[in-house]
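Visitor: based on what follows, work out the 3D shape:
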Amino acid sequence: MKRTAVVILNWNGRQHLEQFLPSVVTNTPPQVRIIVADNGSTDNSVAFLKQHYPTIEIIRLEYNYGFAEGYNRALEQVDTEFFILLNSDVEVTAGWVEPLIATLTNNRSVAAVAPKLRSYGNRDYFEYAGAAGGYIDILGYPFCRGRILSTLEQDKGQYDTVQEVFWASGAAFCCRADVFRMLGGFDADFFAHMEEIDLCWRMQLQGYKIMIEPHSVVYHLGGGTIPNDSPRKLYLNYRNNLSMLFKCAPTWQRILVAVARPVADMLSAVIYLLRGDKALAKATIEAYRDFFALHGELNKKRKAVRSACKAESERIYRGSIVLRYALGKKFFGNLMK
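Guide: Numbering: from 1, shown residues only. As a prediction, this is how the structure comes out:
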């Protein structure tokens, strides 16, 4: 059995496979399996792989199950010690695998680790979906070393330390297979977005650590499946973020979120309306509507998660990243040190 597998979930991504797969094949050690899990594509992705990459393993799923359930179903068929889940729009660099596996091998308390994410289109800058390691603030808003809200920092080596973080980016997510399976993998109800943050939180509640390994570097295009300015993406981010907080947060934080988040998020919806972005305002409201409709199921999940809790995360910023940003503090700096 090979110890590690790189698994790329693909949905109608033939163009991305053609553009980014060569770097994966070139820079991944030969002892590591490379697998493409096809999520019910209707383009010629599978035919392209069979013709141009006959040695790459293919797992074919019947439907587009989304990122969360698609990976869950695919990984049921992968027998390795470590998974590296890689987006199809990621370019990897020489030596990207070894530091990730070394982190897991050398510390059994680490459940997941991510490389440093730089922007594919602006290569000196961090990338939005993970940068140099992710956190959440007291209200559950995600941010990163190198990215606060919409402000991206230039990578000048300022975050080149191996460090414990709150979440590892799903764009390049390396984890222990046994822990992934023990926790039931990603929450399939999320479909896409926030599922890796939710899983990382559940890992921490079991006493595990999440790490960033900046000596491993990848370049992420972003918006490869759902455009970054899409109402659908905004909807999923809001709905899934609220669901994650409901499931995982300690009672005191959950109460704070229940009071403050609706005010903050409805204010965002008003701002969208004033800007003429009716679709984004509608997506925000619909996310809350559907979140409330899920309360019964979320209550069951919360009981399961919280009853099994062994430790609380120490990587939550006990302040508001939105307020901090409004006061002009747009860089990570020494925020979590």
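
Visitor: surely Gly170 meets Asn87?
Guide: Yes: using Cβ atoms under 8 Å, Gly170 makes contact with Asn87 at a distance of 7.4 Å. For glycine as for every other residue, the C-beta is placed from the backbone atoms N, C-alpha and C.

Visitor: state the distance from the nearest residue to Gly185 once chain neighbours are set aside to Ile197.
Guide: With sequence-adjacent residues excluded and distances taken as Cβ to Cβ, 6 or more residues apart in numbering, Gly185 is closest to Asn72, at 4.1 Å. The gap separating Asn72 from Ile197 is 16 Å, by Cβ to Cβ, to the nearest Å.

Visitor: who's in contact with Trp11?
Guide: With contacts taken as Cβ atoms under 8 Å, 6 or more residues apart in numbering, Trp11 has the following neighbours: Asp38, Asn39, Gly40, Ser41, Asn64, Gly70, Thr225.

Visitor: in helices only, show me those residues.
Guide: Gly70 (DSSP state H).

Visitor: so how far is stretch 70-87 from its chain's centroid?
Guide: Counting by Cα atoms, centre = their mean, to the nearest Å, stretch 70-87 is centred 15 Å from the centre of its parent chain.

Visitor: name the residues of it that are buried.
Guide: Residues of stretch 70-87 classed as buried by neighbour count (16 or more other Cβ atoms under 10 Å): 70-75, 78, 80, 82-87.

Visitor: likewise stretch 20-30?
Guide: Phe20, Leu21, Ser23, Val24, Thr28.

Visitor: could you do stretch 209-217 as well?
Guide: Lys209, Ile210, Met211, Ile212, Glu213, Pro214, His215, Ser216, Val217.

Visitor: closest to Lys310 out of those residues?
Guide: The closest of the buried residues of stretch 209-217 to Lys310 turns out to be Lys209 (Cβ to Cβ; 12.7 Å).

Visitor: partner residues bridging that closest one?
Guide: Val110 (DSSP bridges).

Visitor: wait, it sits on Thr103?
Guide: No: counting by Cβ under 8 Å, Lys209 sits too far from Thr103 to count as a contact (9.8 Å).

Visitor: who touches both of the two?
Guide: In contact with both Lys209 and Thr103: Val110, using Cβ under 8 Å, 6+ apart.

Visitor: any low-confidence regions in this structure?
Guide: By pLDDT under 70, the weakly predicted segments of the chain are 1, 223-228, 334, 336-337.

Visitor: break it into its domains for me.
Guide: Using automatic domain parsing, the domains assigned to the chain come out as 4-220, 231-320.

Visitor: can you give me the end-to-end distance of the first one?
Guide: Distances were taken as Cα to Cα, to the nearest Å; on that basis the terminal residues of domain 4-220 are 21 Å apart.

Visitor: still on that earlier bit, so which of the buried residues of stretch 70-87 are in strands?
Guide: Judged by DSSP state E, the buried residues of stretch 70-87 include Phe82, Phe83, Ile84, Leu85, Leu86 as members of strands.

Visitor: as TSV, the residues you listed with distance to Val113 would be great.
Guide: Converted to TSV, those look like this (distance: Cβ to Cβ, whole Å):
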residue	distance to Val113
Phe82	10
Phe83	11
Ile84	10
Leu85	12
Leu86	13
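
Visitor: ok, the residues you listed vs Gln15, which is closest?
Guide: Leu86 (16.3 Å).

Visitor: tell me where the stretch 51-200 of the chain has helices.
Guide: Remark: helices assigned in the stretch 51-200 of the chain by DSSP state H, counting those that start in this stretch are 66-75, 97-106, 177-182, 195-205.

Visitor: what's the first-to-last distance across stretch 49-68?
Guide: 23 Å.

Visitor: tell me the buried residues in that stretch?
Guide: Buried residues in stretch 49-68, counted by 16+ other Cβ under 10 Å: Leu49, Tyr53, Ile56, Ile59, Leu61, Asn64, Tyr65, Gly66, Phe67, Ala68.

Visitor: next one: stretch 179-198
Guide: 179-180, 183, 185-198.

Visitor: what's next to that stretch, contact-wise?
Guide: Contact with stretch 179-198 is made by 65-69, 71-72, 75, 83, 111-112, 134, 136, 142, 166-170, 173, 199, 202-203, 206, 208, 225-226, 233, 236-237, 240-241, 243-244, 247-248, 294, 297, 301, as judged by Cβ under 8 Å, 6+ apart.

Visitor: give me the buried entries from those.
Guide: 65-69, 71-72, 75, 83, 111-112, 134, 136, 142, 166-170, 173, 199, 202-203, 208, 225, 233, 236-237, 240-241, 243-244, 247-248, 301.

Visitor: ok, Phe331 - contacts?
Guide: By Cβ under 8 Å, 6+ apart, the contact set of Phe331 is Ile148, Thr151, Glu153.
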